[in-house]
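Trainee: take a look and give me a structure for this.
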Amino acid sequence: MAEAEVNSYVVLGAALFMLLNSAAICVYAERRIASFIQNRIGPNRVGPLGLFQPLADVVKLLLKEDVTPVQGFRTIHTIAPMIPVVTALLTVAVIPFGDGIYVTDINAGVLYLLAAASLGVYGVTLAGWASNSKYSLLGGLRAAAQMVSYELPLGMALASVVIFVGSLSVVDVAVAQENWWFVFLNPLGAVIFIIAAFAESNRTPFDLVEAEQELVGGFHTEYSSMKFGMFFLAEYMHVVINSMLITTFFFGSYHLPFAGYWLPEMSTTAKAILDITVFTGKTAFFIFLFIWVRWTIPRFKFNQVMSLGWSRLLPLSILNFIVIAAILFAINA
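Mentor: Below you'll find the predicted structure:
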């Protein structure tokens, strides 16, 4: 086996291990940050500082009875929770974690990410339909509408990055930000992408899909045991993945600010450690941002979510793309 293949498998194994464990880490972080924001104690019973609380949650889910609605579609009801988990796992294949540290570099990596991300909605929609519950069905329909509404501005925001790079390779996007992060060159695109990423993750203030006050629990109302746990896992995995994508496309990926101008030459090992540390730090910051927003901003109404997507973000993203394309054409003419 070639050395490059071994390295790819090592990166893949490490990325999948961290992604699968990210839910437990994010749940603990969310509870700690939420308790700080709300001026209360937070988890402090299971293990030192409540560190084993996520493990206790997993054990609780494993011991719960797995209930399937009698009038539901049993096969689809069982398969649906697996779809968002699998789509989240697929995305790590093209994300660069450092200089030369990635699973694979395909020349249509941006399109691959968009395609993989668009599949996640099928799990939520099918779960809502297969449960044979009006609350679940409404949650599934909301998920489909919200996903379609925000995929368009998200795609246009990525397109405004692609024309800077001249390549659909995610690795090329990361390399192009060695000196100037795209958040400096394309700030409106960054804001649009971040808002769309929140909506794609179904996180507050866009959690209309599972609004407890209106839909009891939305698409996962009729789920229990580890089937519900898989939806829970998928939500936090998508938060981590979207944080990685924000970092990769707009905040320099594994590069420090203006690194090409001042960062000295380093050994391969030191450079790899620095790259992974920088990438992980940026990702952790955006995970914190997801949690912070959840406990700060109230949930939108559904008509506000649709209006924001179609009447605000989509026209702005198209205008942003046209302006950037015109400027680049004028510069290169």
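Trainee: rest of the way, CA atoms for contacts and neighbours
Mentor: Will do.
Trainee: Leu328: neighbouring residues, count only.
Mentor: Residues lying near Leu328 (other CA atoms under 10 Å) number 13.
Trainee: the bottom helix or strand of this protein by mean pLDDT?
Mentor: helix 212-215 (a mean of 74; mean pLDDT, DSSP states H and E).
Trainee: low-confidence stretches in the chain?
Mentor: 1-7 (pLDDT under 70).
Trainee: check which residues of the following helix or strand past the least confident helix or strand of the chain are buried.
Mentor: Using DSSP states H and E, the helix or strand that directly follows helix 212-215 along the chain is helix 225-250. By neighbour count on 16 or more other CA atoms under 10 Å, the buried set for helix 225-250 is 225-250.
Trainee: and helix 225-250, how far from the chain's centre?
Mentor: What separates the centre of helix 225-250 from the centre of its chain is 5 Å, taken as CA atoms, centre = their mean, to the nearest Å.
Trainee: if we look at the next helix or strand after that helix, which residues are touching it?
Mentor: For helix 225-250, the following helix or strand on the C-terminal side (DSSP H and E) is helix 259-262. Residues outside helix 259-262 that contact it (CA atoms under 8 Å, 6 or more residues apart in numbering): 178-179.
Trainee: for the least confident helix or strand of the chain, packing partners?
Mentor: Packing contacts for helix 212-215, counted by 3 or more CA pairs under 8 Å, 6 or more residues apart in numbering; DSSP states H and E, involve helix 134-165.
Trainee: helices and strands around the helix it packs on, which ones?
Mentor: Packed against helix 134-165 by the contact rule (3+ CA pairs under 8 Å, 6+ apart) you find helix 109-130, helix 170-175, helix 187-200, helix 212-215, helix 302-307, helix 314-332.
Trainee: and Thr75, which of the ones you listed is closest to it?
Mentor: Among the helices and strands packed on helix 134-165, the nearest to Thr75 by CA to CA is helix 109-130 (8.4 Å).
Trainee: show residues contacting that closest one.
Mentor: Residues outside helix 109-130 that contact it (CA under 8 Å, 6+ apart) are 72-74, 76-77, 79-84, 87-88, 90-91, 94, 135-141, 143-144, 147, 151, 155, 158, 168-170, 218-220.
Trainee: so who does the most centrally placed residue in the chain touch?
Mentor: Per CA atoms, centre = their mean, the C-alpha nearest to the average position across the chain is that of Asn242, at 2.4 Å. Contacts of Asn242 were listed using CA under 8 Å, 6+ apart, and they are 197, 201.
Trainee: against Asn132, how distant is it?
Mentor: 31 Å (CA to CA, to the nearest Å).
Trainee: before we move on, what about Ile331?
Mentor: Taken as CA to CA, the span from Ile331 to Asn132 is 57 Å.
Trainee: buried ones only from the contacts of helix 109-130, please, as a PyMOL command.
Mentor: Command for PyMOL that selects the buried part of the contacts of helix 109-130, burial taken from 16+ other CA under 10 Å:
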select buried, resi 72+73+77+80+81+82+83+84+87+88+91+94+135+136+137+138+139+140+141+143+144+147+151+155+158+168+169+170+218+219+220
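Trainee: need the distance between the two termini of stretch 48-58.
Mentor: End-to-end for stretch 48-58, by CA to CA: 18 Å.
Trainee: list the buried residues of it.
Mentor: Judged by neighbour count using 16+ other CA under 10 Å, the buried positions of stretch 48-58 are 50-54.
Trainee: ditto for stretch 326-333
Mentor: So stretch 326-333, judged by 16+ other CA under 10 Å, has zero buried residues.
Trainee: before we move on, what about stretch 259-266?
Mentor: For stretch 259-266, the neighbour count (16+ other CA under 10 Å) marks no residue as buried.
Trainee: from start to finish, how long is it in a straight line?
Mentor: Length of stretch 259-266, first residue to last, CA to CA: 12 Å.
Trainee: off-centre distance for it?
Mentor: The chain centre lies 30 Å from the centre of stretch 259-266; the measure is CA atoms, centre = their mean.
Trainee: cool, and stretch 117-124?
Mentor: Computed by CA atoms, centre = their mean, the separation of stretch 117-124 from the middle of its chain amounts to 12 Å.
Trainee: repeat for stretch 296-314
Mentor: That offset, for stretch 296-314, works out to 19 Å (CA atoms, centre = their mean).
Trainee: in the chain, where's the longest helix?
Mentor: Across the chain, the longest stretch assigned as helix under DSSP state H is helix 3-37.
Trainee: and the next helix or strand past that one?
Mentor: Next helix or strand after helix 3-37 toward the C-terminus (DSSP H and E): helix 53-63.
Trainee: show residues contacting that next one.
Mentor: Residues from elsewhere that reach helix 53-63 (CA under 8 Å, 6+ apart): 24-25, 27-28, 43, 45-47, 224-226, 229.
Trainee: ok, of these, which come out buried?
Mentor: The neighbour count (16+ other CA under 10 Å) marks 24, 27-28, 43, 224-226, 229 as buried among these.
Trainee: what's the farthest-apart pair in these?
Mentor: Pro43 and Ser224 (22.8 Å).
Trainee: before we move on, back to that, and the furthest pair within the contacts of helix 53-63?
Mentor: Spatially, the most separated pair among the contacts of helix 53-63 is Gly47 and Ser224, at 25.5 Å (CA to CA).
Trainee: that's all I had, so thanks and see you.
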